[in-house]
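> the sequence and its predicted three-dimensional model are supplied below.
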Amino acid sequence: MAMSFKVMSLTDAAADRIKRIIAEAEQPIAGVRVGVKNGGCAGMSYTMEYAEERRPGEDVVEDRGVRVFIDPKAVLFLLGTEMDFQTTKLASQFVFNNPNQTSACGCGESVAITPAAPEALQAVGA
């Protein structure tokens, strides 16, 4: 029997912000969808969007009272990531503390991520 594991976790600040996003959404949503896409000067960037429902093949992280849907193409890039929400003098934004991230561009808009080896999924009990 496979163990259950979380691809990523959330801080209290991230969960609180997602709860506010869900409460303020104009249409009913089940959570947020997180993924990665190619682009930016460092090679990849994180994506977030409203999720009305789970798509086939998606992992679902339920943490601190919210749901985060993980794009299946992003699982190996996000394995072990902690999602946070930070407010500074200049910006309020979600921040991904990702052990697979190898570098970031100077403006912070994109990152370089080395995907976790598929064996890592087996090691955590997938």
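In hand now; what should we look at? Numbers count the residues shown, from 1 in each chain.
> what about the strands in this protein?
Counting by DSSP state E, residue ranges of the strands within the chain are 8-10, 31-38, 44-51, 59-63, 66-70, 81-87, 92-97, 101-104, 111-113.
> what strands flank the fourth one, and is each parallel or antiparallel?
When pairing is defined by DSSP bridges, strand 59-63 lines up against strand 66-70 (antiparallel).
> average pLDDT across the partner strand?
The pLDDT scores in strand 66-70 average 94.
> for that strand, list the C-alpha coordinates in PDB.
Taking Å, rounded to 0.1, in the frame of the first residue of the first chain, the C-alpha atoms of strand 66-70 are listed here in PDB:
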ATOM      1  CA  VAL A  66      -7.100  24.900   1.700                       C
ATOM      2  CA  ARG A  67      -6.700  22.900  -1.500                       C
ATOM      3  CA  VAL A  68      -3.800  23.400  -3.900                       C
ATOM      4  CA  PHE A  69      -4.000  21.500  -7.200                       C
ATOM      5  CA  ILE A  70      -0.600  20.500  -8.600                       C
END
